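Novice: Structure, please.
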Amino acid sequence: MTPELDDYDGIMAAVHAYRDGFNDRDPKLMKTAFHEDAWMFFIDEAGTLVKVPLDDQHVEWLATHEEDDYFAELRVLSVHQMGDAASVALAFGTEWFDFHNLLKIDGEWKITNKTASHKSR
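Specialist: Below is the predicted model of the structure:
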């Protein structure tokens, strides 16, 4: 299989639902970006590994917590697609750097895993 990027708009629709859900403090919109069994892993500012399922409770927290508006400064660093799998590297302001892995499921791209690191790491 060779890398391709024939569904950039579909991939980015999921990423933008994630970003817009955060900016609009709208957990329902953000939830549309994720597969129901998605997970988030990250190393926080203190160096602690955090891993949580992106269930309703955690998506609600992501969408509504009292943090700076990192996502308004979303920069897409790279997008890779291989068939029904994709990976997107993102920078949110200068604080967080993410890798989002996606699968095309029943014709729709869903984030299945979010892996992030804080700039302090």
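
Novice: mean confidence for stretch 26-45?
Specialist: Averaged across stretch 26-45, the pLDDT comes to 91.

Novice: Please report the separation between the first and final residues of it.
Specialist: 25 Å (Cα to Cα, to the nearest Å).

Novice: Which positions in it come out as buried?
Specialist: Buried residues in stretch 26-45, counting neighbours by 16 or more other Cβ atoms under 10 Å, are found at 27, 29-35, 38-40, 42. C-beta coordinates here come from the backbone N, C-alpha and C atoms, glycine included.

Novice: need the next SSE after the helix or strand of the chain with the lowest mean pLDDT, C-terminal direction.
Specialist: Lowest mean confidence among the helices and strands of the chain (mean pLDDT, DSSP states H and E): helix 56-64, at a mean of 78. Downstream of helix 56-64, the first helix or strand assigned by DSSP states H and E is strand 74-82.

Novice: With only the CA atoms kept, save that following strand in CSV.
Specialist: C-alpha atoms of strand 74-82 as CSV (Å, rounded to 0.1, in the frame of the first residue of the first chain):
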residue,chain,number,x,y,z
LEU,A,74,-4.7,25.1,15.5
ARG,A,75,-1.9,24.3,13.1
VAL,A,76,-1.9,21.2,11.0
LEU,A,77,1.7,20.0,10.8
SER,A,78,1.1,16.9,8.7
VAL,A,79,-1.7,14.6,7.4
HIS,A,80,-1.0,11.1,6.2
GLN,A,81,-3.5,8.6,4.8
MET,A,82,-3.1,5.0,3.9
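
Novice: Begin at 415, not 1, for the rest of this chat.
Specialist: Okay, residue one is now 415; in that scheme the one you just asked about reads as strand 488-496.

Novice: which secondary structure elements does that strand contact?
Specialist: On a contact count with 3 or more Cβ pairs under 8 Å, 6 or more residues apart in numbering; DSSP states H and E, strand 488-496 meets helix 422-437, strand 499-506.

Novice: now the first one against strand 499-506, angle please.
Specialist: To tie it back to what came earlier, the one meant is helix 422-437. Counting by axes from the mean of the first three to the mean of the last three Cα atoms, to 10 degrees, helix 422-437 lies at 40 degrees to strand 499-506.

Novice: now for helix 422-437, which elements pack on it?
Specialist: Helix 422-437 sits against helix 441-445, helix 470-478, strand 488-496, strand 499-506, strand 510-519, strand 522-532, with contacts defined as 3+ Cβ pairs under 8 Å, 6+ apart.

Novice: Cool, thanks, talk later.
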